[in-house]
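This is a predicted model, with the sequence first.
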2 protein chains.
Amino acid sequence: MKNSKKYYSEISSLIDSDLAKAVSIEFPPNLYNPMKYVLSSKGKRFRPVLLIMACETVGGSFQDAYNASLAIEILHNFTLVHDDIMDDDQLRRGRKTVHKKWNNSIAILTGDGLIALAYRYLLRSKTERIRDIIKKFSEAIIKICEGQSLDKDMESASEVNIDDYLDMIKRKTGVLISISAELGGILGNASETEIEALKNFGFEIGIAFQIQDDLLDIISDEVVIGKDLGSDLALGKKTYPIIKLLECVPQTGLNFLKDVLENGNTGVNSIRRVKTMLHEYGIVDQTQSEISRHIDKAVACLNDNLASLQLDHLMYMSEMIRNRKF
Amino acid sequence: MKNSKKYYSEISSLIDSDLAKAVSIEFPPNLYNPMKYVLSSKGKRFRPVLLIMACETVGGSFQDAYNASLAIEILHNFTLVHDDIMDDDQLRRGRKTVHKKWNNSIAILTGDGLIALAYRYLLRSKTERIRDIIKKFSEAIIKICEGQSLDKDMESASEVNIDDYLDMIKRKTGVLISISAELGGILGNASETEIEALKNFGFEIGIAFQIQDDLLDIISDEVVIGKDLGSDLALGKKTYPIIKLLECVPQTGLNFLKDVLENGNTGVNSIRRVKTMLHEYGIVDQTQSEISRHIDKAVACLNDNLASLQLDHLMYMSEMIRNRKF
């Protein structure tokens, strides 16, 4: 078996290169230029790599999985473009967001076009279960919309508890990562038990992925992360670390935090203070434990159901989330 | 064969009723309430009725076509929700548009959710050609995005000629009406010649439909049409009648028209003056002739290729466009 880290990087380079070529026509430029722009920005490519690795783990080939993996990544990019409009984010992967570089109308259309493009790639999958795959893909889109809807609602909600938050990220992030692993299983002709295990594995690492994302939004370094730092805070989003912090911080800190969340008071000093508080009250550690808990559940899922298979690649994927810094 | 007018109205009532029930879940409310709101507004249902009638014309059953017909109508509704954001239209079918009743983010998500819902219905079609159908559906979405992109570009373009305009409406409107007839043919197990004829028939009536729409946007009565009257004008859109008018109007009229288009000077008096000019310079007649020319082509398409079939319903559909007042 190949070295997982090296293999990840090989696949992701290939995806970068193929996505940059995914749109070949030029006209109309105000649809296709932004679509190309989005697809030529280099992302982590976590979801498509997961899909391919899941497929290969159960005995499928790279070719069985590749088109569907591009479809999943394109779909993910659609969500980014539309979410960036809704959140009015300025930067994505270190570059201007589509609605900032062009305008809202163009960004809406770009996202719509990306959805259709995703289906185009998905349809290229050679499988007898195409109806099933497209059904799961379409249902995932609806769930993602549900998650994004809840996410927007939470910005203006005065109180958000951990259960609401988890319910939201399960739909917003868990579903797409989960379906990546699941489709990999289906395309690799896995058994129903294996597919179910992959789906659950994906779901748990998806939750871990989002909690990690939320933590990094506040404690990471903007240059590394390549998007607006503290943008969740600026929008008043009560993410995992913030909800936990609100639960334990004394009155003065609470007033400060509420000011940050309600009035978008997120200058460098405010973010620095929130960061300090997160460390001081042990929230960073607590959040990292929660991330690890989900990763452990994911790993158990594999060990319990796919023990006879070579699990290195999938194990690598889950550890990557546990340790990721950007 | 049933009376076409009566049958149209029966089908469209059934669609109204089933679309109003298409979304059964409630949570999250800010996704599903607007989706329900959109699907419970009564539209013309032209596209789904066409799909069903095309299917039955070639010998298929109502049941063969029904789920796909709902899918097409839901997809059409997605385009309306997103287009209304881009055009900032206030009214749609006599009710507030989604982004006005809620907000832009909710309207973006509503449209996204409707795309996925459309696929859900399409996937319920019982056919061996599901892959083919979904492919055509997805390609249609891309074409529609192209059309809408060109439409937005034309608002700010200083000059638009008839060819550019026709190219735009072919994608924006022609494709969806065309695919409605085509899918009807496929689901009814028509021959390739028949499917091709239905596709071309749909394409021509689609073009006629859009030119009629553009004309009605200026000369119709707002109460009847149920959306912002002159909204194309306000956005500076150079539609068929306007391009024709610009070609023949003398200097004073030209200055006035440019002021309307460039500065969105579209009070009641301005629209009334444009209306008068359209009649005075024979543009209304000329536009109606162009509509008729496309309808005639559509009808010829049927007579040349489907002469052995009962064509009453499809003929009724084309005549409806020729004569529609709203």
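In hand now; what should we look at? Residues are numbered from 1 along each chain as shown, chains lettered A, B, ... in the order given.

For A:L254, give me its contacts.
A:L246 (Cβ atoms under 8 Å, 6 or more residues apart in numbering or on different chains). In short, each C-beta sits where N, CA and C put it, glycine included.

Give the buried residues for the strand or helix carrying it.
Per DSSP states H and E, A:L254 falls inside helix A:251-263. The neighbour-count check on helix A:251-263 (16 or more other Cβ atoms under 10 Å in any protein chain shown) flags A:G253, A:F256, A:L257, A:V260, A:L261 as buried.

Which helix or strand in chain A has the lowest average pLDDT?
Least confident element among the helices and strands of chain A, by mean pLDDT, DSSP states H and E: helix A:222-225 (a mean of 54).

Helix or strand next in line after it, which one?
Counting by DSSP H and E, the next helix or strand C-terminal to helix A:222-225 is helix A:231-234.

Outside of that following helix itself, which residues are in contact with it?
The contact list for helix A:231-234, computed with Cβ under 8 Å, 6+ apart, reads A:87, A:89, A:214, A:217-218, A:228, A:239, A:242, A:260-261, A:264, A:266, A:270-271, A:274.

Quick one: the helices in the stretch 101-250 of chain A, in order.
Counting by DSSP state H, counting those that start in this stretch, the stretch 101-250 of chain A has helices at residues A:104-122, A:130-156, A:162-169, A:175-187, A:192-219, A:222-225, A:231-234, A:240-248.

mean confidence score for the third one?
Right, helix A:162-169. Mean pLDDT, computed over helix A:162-169, is 96.

Buried residues of that helix, list them for me.
Using 16+ other Cβ under 10 Å as the test for burial, helix A:162-169 gives A:Y165, A:L166, A:D167, A:M168, A:I169.

can you check stretch A:294-303 too?
Neighbour counts using 16+ other Cβ under 10 Å place A:H294, A:I295, A:K297, A:A298, A:V299, A:C301, A:L302 of stretch A:294-303 among the buried residues.

could those be laid out in a markdown table, adding pLDDT, distance to chain B and secondary structure?
A markdown table is the format used below for those (pLDDT from 0 to 100; distance: Cβ to the nearest Cβ, whole Å; DSSP: H, G, I helix; E, B strand; the rest coil):
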| residue | pLDDT | distance to chain B | secondary structure |
| --- | --- | --- | --- |
| A:H294 | 97 | 23 | helix |
| A:I295 | 97 | 28 | helix |
| A:K297 | 98 | 25 | helix |
| A:A298 | 98 | 26 | helix |
| A:V299 | 97 | 31 | helix |
| A:C301 | 96 | 27 | helix |
| A:L302 | 97 | 30 | helix |
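
tell me which of those residues is nearest to B:N77?
A:H294 (37.7 Å; Cβ to Cβ).

what's around the closest residue to A:A20 other than its chain neighbours, how many residues?
Counting by Cβ to Cβ, 6 or more residues apart in numbering or on different chains, A:S40 is the residue found nearest to A:A20 once chain neighbours are left out, at 4.2 Å. Applying other Cβ atoms under 10 Å in any protein chain shown, we find 15 residues neighbouring A:S40.

Now the phi/psi pair for A:S40, please.
Main-chain torsions, A:S40, degrees, to the nearest 10: phi -100, psi 0.

ok, it touching A:S17?
No. Counting by Cβ atoms under 8 Å, A:S40 sits too far from A:S17 to count as a contact (9.6 Å).

now the angle from the helix holding A:L254 to helix A:240-248?
140 degrees (axes from the mean of the first three to the mean of the last three Cα atoms, to 10 degrees).

Please put the alpha-carbon coordinates of helix A:251-263 into CSV.
Presented in CSV, the C-alpha positions along helix A:251-263 are these (Å, rounded to 0.1, in the frame of the first residue of the first chain):
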residue,chain,number,x,y,z
GLN,A,251,-20.0,38.2,33.9
THR,A,252,-17.4,40.7,32.7
GLY,A,253,-16.2,38.2,30.0
LEU,A,254,-19.8,37.4,29.2
ASN,A,255,-20.6,41.1,28.5
PHE,A,256,-17.5,41.4,26.3
LEU,A,257,-18.4,38.3,24.4
LYS,A,258,-22.0,39.3,23.9
ASP,A,259,-20.8,42.7,22.6
VAL,A,260,-18.5,40.9,20.1
LEU,A,261,-21.3,38.5,18.9
GLU,A,262,-24.1,41.0,18.8
ASN,A,263,-22.3,44.0,17.5
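
Next secondary structure after that helix?
helix A:268-280.

interface residues of chain A facing chain B?
A:27-28, A:30-31, A:82, A:85-86, A:104-106, A:108-109, A:111-113, A:115-117, A:119-120, A:123, A:130-131, A:134-135, A:138-139, A:141-142, A:145-146, A:148-150, A:152-153 (Cβ under 8 Å from any Cβ of the partner chain).

on that earlier part again, pick out the one among the contacts of helix A:231-234 with the largest number of neighbours.
A:I242 (26 neighbours).

could you list every residue that touches the residue most central in space within chain A?
Relative to the mean C-alpha position of chain A, the nearest C-alpha, by Cα atoms, centre = their mean, is the one of A:T173, at 5.2 Å. By Cβ under 8 Å, 6+ apart, A:T173 lies in contact with A:G147, A:G206, A:I207, A:F209, A:Q210, A:D213.

Would you agree the third one is in contact with A:K172?
No. Assessed by Cβ under 8 Å, A:I207 is found out of contact with A:K172, at 10.2 Å.

burial of A:E26, as a residue count?
With neighbours defined by other Cβ under 10 Å, the count for A:E26 comes to 10.

Ok, A:T287 next?
Around A:T287 there are 23 residues (other Cβ under 10 Å).

Equivalent analysis for A:G188, please.
Look at A:G188: counted by other Cβ under 10 Å, it has 23 neighbours.

just for chain A, where's the confidence low?
A:222-229, A:326 (pLDDT under 70).

one more time with 90
A:1-2, A:93, A:155-159, A:217-237, A:252-253, A:258-272, A:323-326 (pLDDT under 90).

if we can go back for a sec, which of the contacts of A:T173 lies closest to chain B?
A:G147 (8.7 Å; Cβ to the nearest Cβ).

close enough to count as contact, that closest one and A:K170?
Yes. With contact defined as Cβ under 8 Å, A:G147 counts as touching A:K170 (7.3 Å).

Which one's more surrounded, the two?
Shown here are A:G147 and A:K170; by other Cβ under 10 Å, A:G147 has more neighbours (24 against 19).

what sits against that one?
Counted by Cβ under 8 Å, 6+ apart, A:G147 has contacts A:M168, A:I169, A:K170, A:R171, A:K172, A:T173, A:V175.

go on, A:F27?
Counting by Cβ under 8 Å, 6+ apart, A:F27 makes contact with B:E146.

Leaving out sequence neighbours, find the closest residue to A:I15.
Looking at A:I15 with Cβ to Cβ, 6+ apart, the closest residue is A:R45, at 4.8 Å.

and that neighbour, backbone torsions?
According to degrees, to the nearest 10, A:R45 has phi 60, psi 30.

Just give me the neighbour total for it.
Per other Cβ under 10 Å, the neighbour tally for A:R45 reads 23.

again, but for the one 3 residues further on
Counted by other Cβ under 10 Å, the residues lying close to A:P48 total 28.

Tell me the first helix or strand C-terminal of whichever strand or helix holds it.
Assessed by DSSP H and E, A:P48 sits inside helix A:46-57. As assigned by DSSP H and E, the chain's next helix or strand after helix A:46-57 is helix A:62-87.

any idea of the angle that following helix forms with helix A:46-57?
Put simply, helix A:62-87 runs at 160 degrees to helix A:46-57, going by the same axes, to 10 degrees.

picking that back up, from the contacts of A:G147, which single one is nearest A:E290?
Nearest member of those to A:E290, counting by Cβ to Cβ, is A:I169, at 11.5 Å.
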